[in-house]
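coordinates only, sequence not included:
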């Protein structure tokens, strides 16, 4: 298994600003993922972040809006850029262990005013 | 993105009952099927997982039943407790591809 932490746990931001969310894993992992989850809804994959390569984005998500860094095997960041109220959501990171199982962080609750 | 259909959307049972949550998929390349439990304000937590070479897997009060020919799998919670009240997500993964999640089932277990 893996223990995953996220910072911040929640934030309230103004329209037009950017927020960087940090994700730390307690072991080295190759693949990390970033998801968005609206309250009461399922998880939507934003991008896959492999160490040493560019992140791969899902349809509907672009690097200019959601730049991702993956500087090493235990850490990743997701930035939500030029935020609008529509970006209000829960952002989750996960790490893949054993090439199949994903373990999730506690999430970052973002409210954009 | 959803390639896994989950039902019901919500479920209410009495304490001690056996809630059953069902999932169906189309992609026969899926070879790993986990279930996640999510409490309000928390991230999803892996509950139990199965591969298609077995028809059933049990861990404590949680059982996955898997029907490969029907491309369906389900979660059964034996002797359900109020503490099991949460949202449950099924998921499916094919090799090195991304995990696909069901829409989720909100379970309420009444005392």
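Received the coordinates, thanks. Predicted model, so just to flag it, every value in this text is computed and none were measured.

contacting residues around the closest residue to chain B within chain A?
Residue nearest to chain B within chain A: residue A:104 (3.7 Å; C-beta to the nearest C-beta). Where C-beta positions appear, they are placed from N, C-alpha and C, glycine not excepted. Listed by C-beta atoms under 8 Å, 6 or more residues apart in numbering or on different chains, the contact set of residue A:104 reads A:4, A:35, A:92, A:93, A:94, B:36, B:43, B:44, B:45.

Now with 10 Å, please.
Counting by C-beta atoms under 10 Å, 6 or more residues apart in numbering or on different chains, residue A:104 touches A:2, A:4, A:6, A:23, A:33, A:35, A:37, A:43, A:92-95, B:36, B:38, B:42-46.

How about residue A:7?
Residue A:7 is in contact with A:20, A:21, A:22, A:23, A:24, A:77, A:105, A:108, counting by C-beta under 10 Å, 6+ apart.

what do you get if the cut-off is 6 Å, keeping everything else the same?
Residues counted as contacts of residue A:7 (C-beta atoms under 6 Å, 6 or more residues apart in numbering or on different chains) are residue A:22.

What about residue B:9, how many residues nearby?
Applying other C-beta atoms under 10 Å in any protein chain shown, we find 10 residues neighbouring residue B:9.

typo on my end, residue B:27
Once other C-beta under 10 Å is used to define contacts, residue B:27 is seen to have 14 neighbours.

What of residue B:3?
14.

pretty sure it contacts residue B:100?
Yes: applying C-beta atoms under 6 Å as the test, residue B:3 and residue B:100 come out as touching, 4.6 Å apart.

Between those two, which contacts overlap?
Common contacts of residue B:3 and residue B:100 (C-beta under 6 Å, 6+ apart): none found.

before we move on, the earlier item: restricted to strands, list the contacts of residue A:104.
Assigned to strands by DSSP state E, the following of the contacts of residue A:104 qualify: A:4, A:6, A:23, A:33, A:35, A:37, A:43, A:92-95, B:36, B:38, B:45-46.

which of these count as buried?
Buried residues within the ones in strands among the contacts of residue A:104, defined by neighbour count using 16 or more other C-beta atoms under 10 Å in any protein chain shown: A:4, A:6, A:23, A:33, A:35, A:37, A:43, A:92-95, B:36, B:38, B:46.

Turn those into a markdown table, including pLDDT and distance to residue B:58.
What follows is these, written out as a markdown table (pLDDT from 0 to 100; distance: C-beta to C-beta, whole Å):
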| residue | pLDDT | distance to residue B:58 |
| --- | --- | --- |
| A:4 | 97 | 27 |
| A:6 | 98 | 32 |
| A:23 | 98 | 33 |
| A:33 | 95 | 28 |
| A:35 | 97 | 29 |
| A:37 | 97 | 29 |
| A:43 | 95 | 26 |
| A:92 | 98 | 28 |
| A:93 | 97 | 30 |
| A:94 | 96 | 25 |
| A:95 | 95 | 27 |
| B:36 | 97 | 17 |
| B:38 | 97 | 21 |
| B:46 | 95 | 16 |
